[in-house]
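Q: compute the structure for the input listed below.
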Amino acid sequence: MGLLSYAAMCLSLAFLLQSYAAATAPTGMLERETKQQIIASIPPHGQENPVLFLTSPSGKYAAHFMRSQTAPGAGGLGADFCYVEILDSTEPGAEGRSVWESECLAVSTVNTCALVFSWKGLEVFDGSNSVWHTHDTESDDNNFLKTLQLVDEGDMRILDKGGELAWKASDEPRAAQHCGMPGSPGLVSAMPPFAEPAGHGSSNLPFGQEPEGTGNAGVAQPTLPLPEAAGTGGVAGQGQALEDVGQTIGFGSQPLVDNSPYDSGAPKHGCSLLGFGVALGVSSAAIAMALGL
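A: Got it, this is the predicted structure:
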C-alpha cells in the first residue's frame, strides 16, 4: 500500500513540474526536442486550415501554417500550395495583414502537408518530400538549431543551442503572395487566350467583325428568299439563291473572302465547257465533209 502511495505521489509531482514548466516557458517561442519535430500538419481538404502555431509575446503577430488550392483560371497543374504566413492581427480585416510568407511551392493534392522544425531549420513537407526549408540554417555536429521565435517586431528567428541567431525571416522579405491565385508565383496572371472569345478586349477583330457595343453589332442580317420565291425554279433558281448567299452572308455584313464565280461544269450564263466542246466538234466535222476529207 505504501509503495502505491509513493508511486502516485511521484506521478503527481512529475505532472505538476511539467505544468509549471509549460506555464513559465517564454511566449513566442518553440524549442526543438527531436531531430525532426512536427509543428503543424494539414491533410488534403483539411478542416483545420490555417493552423496557428506561434504568437508573439504581445499577441500582435501570429504565425500560421496555410494550405491553399489553385484558383480556377490560374493555370498550372491544379496543385495545392503549403506555406508559412505571419499576420499582423491588429490590422482590420478577417485575418489581418500579411507581413511575411515562405515561398509559394506546389504540393500534391493527395498528400498531407507538414511543417517541421528540423536540423535544416523550418521545413515544409509534401508527404515525405521536403519542398522548402529556411536557407543557411543547417545544424553542424557541435552546434544544433534549438529555438524558433516570433518577436513583437513581426520577425521570425531561429537560434542555435548557444542562443546565437542562425536565421531570420526579414532576410527573405516576401508577403501577400496570394499563393494559388492568378498572378501568384508559378501561375499565369490571367486566363489563357483560348479561354476567352476571339478578339476579346480588342477593336481589331478577325474577318471584319465589329466590336461589341458599336452601331453595327447586333443588326439583323437580311433574310434570304427561298428558291421557290426567287422567281426561277429548278437548278437555275438554286444557283441564283447561292449567288445571293455569297453576296450577303459574311461576318459583320462583309462579303466572304472570295465569292467570285468559278467554272464548275454547271450551267452558268447559258454556256458551259461541255457545250463549247460539242459545238467545236460539229464544226470540225462539217468542214471536213465540205472539203471531201
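Q: low pLDDT regions in the stretch 151-293 of the chain?
A: Scanning the stretch 151-293 of the chain with the threshold set as pLDDT under 70 gives 180-293.
Q: try 80
A: Residue ranges of the stretch 151-293 of the chain with pLDDT under 80: 175-293.
Q: next: the stretch 1-150 of the chain.
A: Flagging of the stretch 1-150 of the chain using pLDDT under 80 yields the residue ranges 1-27, 46-48, 70-79, 91-96, 136-142.
Q: hey, where'd the helices end up in it?
A: In the stretch 1-150 of the chain, the helices defined using DSSP state H, counting those that start in this stretch lie at 2-24.
Q: where do the strands sit along it?
A: All strands of the stretch 1-150 of the chain, identified by DSSP state E, counting those that start in this stretch, fall at 29-31, 37-42, 51-55, 61-69, 80-88, 97-101, 106-107, 113-118, 121-126, 129-133, 145-150.
Q: could you dump those into a markdown table and include mean neighbour count and distance to G162?
A: In short, each C-beta sits where N, CA and C put it, glycine included. Below are the strands of the stretch 1-150 of the chain laid out as a markdown table (neighbours: other Cβ atoms under 10 Å; distance: least, Cβ to Cβ, whole Å):
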| stretch | mean neighbour count | distance to G162 |
| --- | --- | --- |
| strand 29-31 | 16 | 14 |
| strand 37-42 | 17 | 19 |
| strand 51-55 | 17 | 22 |
| strand 61-69 | 22 | 24 |
| strand 80-88 | 24 | 25 |
| strand 97-101 | 20 | 25 |
| strand 106-107 | 22 | 34 |
| strand 113-118 | 23 | 17 |
| strand 121-126 | 21 | 16 |
| strand 129-133 | 16 | 21 |
| strand 145-150 | 21 | 8 |
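Q: which one, of those strands, ends up nearest to D160?
A: For D160, the closest of these is strand 145-150, at 5.8 Å, according to Cβ to Cβ.
Q: sheet-wise, list the partners of the closest one with their directions.
A: Strand 145-150 pairs in its sheet with strand 29-31 (antiparallel), strand 156-160 (antiparallel), by DSSP bridges.
Q: is it possible to get a markdown table of these that adds distance to D88?
A: As requested, these are exported to a markdown table (distance: least, Cβ to Cβ, whole Å):
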| stretch | distance to D88 |
| --- | --- |
| strand 29-31 | 19 |
| strand 156-160 | 13 |
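Q: one step back: so which of the strands of the stretch 1-150 of the chain comes closest to M156?
A: It is, among these and with distance given as Cβ to Cβ, strand 145-150, at 5.2 Å.
Q: ok, which of the strands of the stretch 1-150 of the chain comes nearest G163?
A: Here strand 145-150 is closest among the strands of the stretch 1-150 of the chain (Cβ to Cβ), at 7.7 Å.
Q: so the closest one versus strand 37-42, what angle?
A: For strand 145-150 against strand 37-42, the angle by axes from the mean of the first three to the mean of the last three Cα atoms, to 10 degrees is 40 degrees.
Q: quick one on the thing from earlier: got JSON lines for the strands of the stretch 1-150 of the chain, with distance to D160 too?
A: Shown next, in JSON lines, are the strands of the stretch 1-150 of the chain (distance: least, Cβ to Cβ, whole Å):
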{"stretch": "strand 29-31", "distance to D160": "12"}
{"stretch": "strand 37-42", "distance to D160": "15"}
{"stretch": "strand 51-55", "distance to D160": "18"}
{"stretch": "strand 61-69", "distance to D160": "20"}
{"stretch": "strand 80-88", "distance to D160": "20"}
{"stretch": "strand 97-101", "distance to D160": "21"}
{"stretch": "strand 106-107", "distance to D160": "29"}
{"stretch": "strand 113-118", "distance to D160": "13"}
{"stretch": "strand 121-126", "distance to D160": "11"}
{"stretch": "strand 129-133", "distance to D160": "16"}
{"stretch": "strand 145-150", "distance to D160": "6"}
